[in-house]
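Asks: Mind folding the following:
(one chain, ligands or ions: 1)
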Amino acid sequence: MNKKELVSLVKNMTIDEKIGQLQQLTGNFYTDSEAEITGPLNESGLTTEMVANAGSVLGLSGAEELIGIQRDYLESSRLKIPLLFMADIIHGYRTIFPIPLGLASSWDPILMKETAEVAAKESALSGLHVTFSPMVDLVRDPRWGRVMESTGEDPLLNRQFAKAAVEGYQGEDLRNDLNRIAACVKHFAAYGAPEGGREYNTVDMSERMLRDMYLPSYKAAIDAGSKLVMTAFNTVDSIPATANKKLNRDILRDEFGFDGVLISDWAAIKEVIAHGVAGNDKEAAKLALEAGVDIEMMTFCYQHFLKDLLAEDLVSIDLVDEAVLRILELKEDLGLFENPYRGANAEAEERWVFSQEHQDVAERAAKESIVLLKNNQQALPISETEKLALIGPFVDNGEILGTWSWKGNPKETETIKTIFEQEPKKIEASYVPMADVNNLTKEELNGAINVAQKADKLVLLLGENFMMSGEASSRTNLQLPQAQLDLIAALAELNKPMILVLFNGRPLELTAIEPQFEAIIEAWFPGTKGAKALHDILFGKVNPSGRLTMSFPRNVGQVPIYYNHFNTGRPIDYDDLENKYVSKYLDVANTPLYPFGYGLSYSNCSYGTLASTKETYRMSEKIEINLDVTNNGNRAAKETVQLYTRDIVGQVVRPVKELKGYHKIDLAPNETKKISFTLDSNDLAYVHSDLTLTTDSGEFEIMVGPNSEEVQTILIHLTK
Ligand code: GLC
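Replies: Model (predicted):
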């Protein structure tokens, strides 16, 4: 249907049918099978007619089931407007990829796009139309559990990953490519900056900071064509995002040009009351509709009060009609009026969901996401002659999928033990699993000590339970659980070389235990093929190449800690640490334990002298930077060469460094490559105090290195 036909369809709808389209319900309103519940369940008070009129469903999948629901729904639909099926496909449908904070450590947006394509295909064949992904909230605080769902602390990487994810989900022709689903970028806006890292807490920042650091990733997703945006639970400038007209109409729709569907987060419309900006459901409905929210997820303010608001002339029917039209346009963009069953196909679902081809992508993604944080005395890779003791809660545990892995099944996920035992060469290894990340039994401790005494090397597989990160999972203590600290202390007494492998959804505080280990690997929650990927890295079949996209603090007292911080008026002078009156702590350094961009490999790459083709550039000229990078090792390596800049004197304070480019390169043993970066003045633009995005002339530091701390620096001048 064209727009004109859709407009006339809206005109033909009754007010109940219109309001129904604005309602989203969980699947258990339509079936007895298990729908995914991802928020508080409020009393609905819905009539059967209201349920029959609802325009979309979340948290259900399965080709046959959704075909059946759609068929029944259309039979009772007067105007034959099809249902939309949406779900949280965050990093894979049933083939699960590393959590986004892990996948981001690949520094490979093309890989992100590939994983999104696979997730879209599995979801579409299973009957889904929309995923509530990508989450693009910039994060700086690992106390917040949802950092696992983000791609980290840097605006450039977040923009690139946001774009890649939307392109992967939606493809080039969403209507006709039945292996694609619509993307829903979230959470608009700045949900990643809750005070204290406490879930659902207040977000408060200047509009300049919001625009400079936080909004670019949402805009990148919208520019890539994301069909939906989801509102955030938090306040923006002291107004709940879901009721924030300036945010959702002036910025999102008018300035960003977003003309798709704005959906509330779960219960976020009703929660405007708890925020203290609406007195009741009716006021909440009015504010949300005026703020341009089209779909209400799992609360019922629109359903129960829009008719009264219209009857009392407190809202205009035009606002309802525009919301309904956007929803119908989305259904049209998905081709649902012509083919309400779209990609749902039980046979193809059987063939492709969790297929070997998809698992191969998951294995590659896991290998690229794992970060080597420490490797003293070449403790890694492990040689196959060494007798190993593998100890800890992740020895034989398939729960390495992360908390947003709905259809992922730990029971069908290979564990470290199964992989080690499958591998062709029989590695001499003993295993001591721990049943619970938070509890070390006497038997487990004794078993661990006994096995460790007979081993050459101890591999401790430790971390968080997958439910300790993700939504509603903030922590004030970022250390490993005490039971695991006790295990480490006991095994350290044996003076055997120990290797730590971490499974976790956030940067942890490792300072106290780091000295006990010869090597440390950050595996995140690596997904379906995480065990195989880890095995291949441990034994050197794969040279680790992951780089952190979020800083690891020395202790939680430093948080929020991030690389692109301001200098302050009294910056610390590392050549004069005795100087008291500078910005520092009495008890810990300012720097993170592991910085943004950091990661090791089994090779060692050296960087030649950084050079710029000129010292002074005009604004209109391209800035050309280059240097040689050499792989001095005897293994092929992937090296991520990073370029940072610093605007020495800005119109407002500027970060001490900002990532402006990177190249992830393959280097054969002893190979040298000349690496070039080209920047233009737009790359150096930032939001000024008048909220314009412009570039200053003046001096800039250009920094290049293997991470955000080990950099070479040169100066260039930019003139008008
Ligand atoms: C949750 C999350 C959101 C998710 C939605 C639907 O509360 O905040 O990210 O997409 O509800 O499950």
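Asks: mind listing what the spatially most central residue of the chain touches?
Replies: Closest residue to the average C-alpha location of the chain: Ser150 at 2.4 Å, with Cα atoms, centre = their mean. Shown in contact with Ser150 (Cβ atoms under 8 Å, 6 or more residues apart in numbering): Pro100, Leu101, Ala104, Met135, Val136, Asp137, Leu138, Val139, Asn158, Gly192, Met550. To be clear about C-beta, it is placed using only N, CA and C from the backbone, and glycine gets the same treatment.
Asks: Let's see that with 6 Å instead.
Replies: When contacts are counted by Cβ atoms under 6 Å, 6 or more residues apart in numbering, Ser150 is found next to Asp137, Val139, Gly192.
Asks: Now it: closest residue in space that isn't a chain neighbour?
Replies: Sequence neighbours aside, Val139 is the residue nearest to Ser150 in space, at 4.6 Å (criterion: Cβ to Cβ, 6 or more residues apart in numbering).
Asks: Quick check: the one you found touching Gly192?
Replies: Yes: with contact defined as Cβ atoms under 6 Å, Val139 and Gly192 form a contacting pair (4.1 Å).
Asks: before we move on, which element is Ile499 in?
Replies: strand 498-503 (DSSP states H and E).
Asks: tell me the mean pLDDT over that strand?
Replies: Per-region confidence: strand 498-503 scores 98 on mean pLDDT.
Asks: That strand pairs with which strands, parallel or anti?
Replies: Under the criterion DSSP bridges, strand 498-503 sits next to strand 457-463 (parallel), strand 519-522 (parallel) in its sheet.
Asks: so what's the residue of the stretch 51-200 of the chain found nearest the ligand up against?
Replies: The nearest approach of the stretch 51-200 of the chain to the ligand comes at Phe132, 3.3 Å away (Cβ to the nearest ligand atom). Under the criterion of Cβ under 6 Å, 6+ apart, the neighbours of Phe132 are Asp88, Cys184.
Asks: What backbone torsions are found at it?
Replies: In terms of degrees, to the nearest 10, the main-chain angles of Phe132 are phi -80, psi 70.
Asks: any idea how far it is from Val236?
Replies: When Cβ to Cβ, to the nearest Å is the yardstick, Phe132 and Val236 sit 19 Å from each other.
Asks: which bits of the protein sit near the ligand?
Replies: Counting by Cβ under 6 Å from any ligand atom, the residues of the chain lying close to the ligand are Thr38, Gly39, Leu58, Asp88, Phe132, Lys186, Asp265, Trp266, Glu471.
Asks: need the contact list for the fourth one.
Replies: Shown in contact with Asp88 (Cβ under 6 Å, 6+ apart): Phe132, Trp404.
Asks: what do you get for the third one?
Replies: Contact analysis of Leu58 by Cβ under 6 Å, 6+ apart lists Gln24, Thr26, Met86.
Asks: can you rerun that using 8 Å?
Replies: In this structure, Leu58 makes contact with 24-27, 35-36, 85-88, 132, 297-298, judged by Cβ under 8 Å, 6+ apart.
Asks: so the closest residue in space to it that isn't next to it in sequence bridges to which residues?
Replies: Taking Cβ to Cβ, 6+ apart, and ignoring the residues beside it in sequence, Leu58 has Met86 as its nearest neighbour in space, at 4.7 Å. The partner list for Met86 in beta bridges (DSSP bridges) reads Leu58, Val130.
Asks: Which positions in the helix or strand bottoming out on mean pLDDT in the chain come out as buried?
Replies: Averaged element by element with mean pLDDT, DSSP states H and E, the chain has its least confident helix or strand at helix 48-53 (a mean of 90). Residues of helix 48-53 classed as buried: Met50, Val51, Ala52, Asn53 (neighbour count, 16 or more other Cβ atoms under 10 Å).
Asks: for it, packing partners?
Replies: Under the contact criterion of 3 or more Cβ pairs under 8 Å, 6 or more residues apart in numbering; DSSP states H and E, helix 48-53 touches helix 15-21, strand 23-26.
Asks: 7 Å instead?
Replies: Other elements packing on helix 48-53 under the criterion 3 or more Cβ pairs under 7 Å, 6 or more residues apart in numbering; DSSP states H and E are helix 15-21.
Asks: which other helices and strands contact the helix it packs on?
Replies: Contact analysis of helix 15-21 by 3+ Cβ pairs under 7 Å, 6+ apart lists helix 48-53, helix 301-311, helix 317-333 as its packing neighbours.
Asks: Run the angle between the second one and helix 317-333 for me.
Replies: What that stands for is helix 301-311. 140 degrees (axes from the mean of the first three to the mean of the last three Cα atoms, to 10 degrees).
Asks: tell me the mean pLDDT over helix 301-311?
Replies: 98.
Asks: mind listing the strands for the stretch 601-720 of the chain?
Replies: Listed in chain order, the strands of the stretch 601-720 of the chain (DSSP state E, counting those that start in this stretch) span 605-607, 611-612, 616-618, 623-631, 637-647, 658-667, 672-679, 686-687, 693-694, 698-705, 712-719.
Asks: Please disregard the earlier target; I meant the stretch 1-150 of the chain.
Replies: Counting by DSSP E, counting those that start in this stretch, the segments of the stretch 1-150 of the chain that form strands are 23-26, 56-58, 84-87, 130-131.
Asks: Need the winner for burial among those strands.
Replies: Among the strands of the stretch 1-150 of the chain, ranked by average contacts under mean count of other Cβ atoms under 10 Å, first place goes to strand 84-87 (a mean of 27).
Asks: average pLDDT for that one?
Replies: The pLDDT scores in strand 84-87 average 98.
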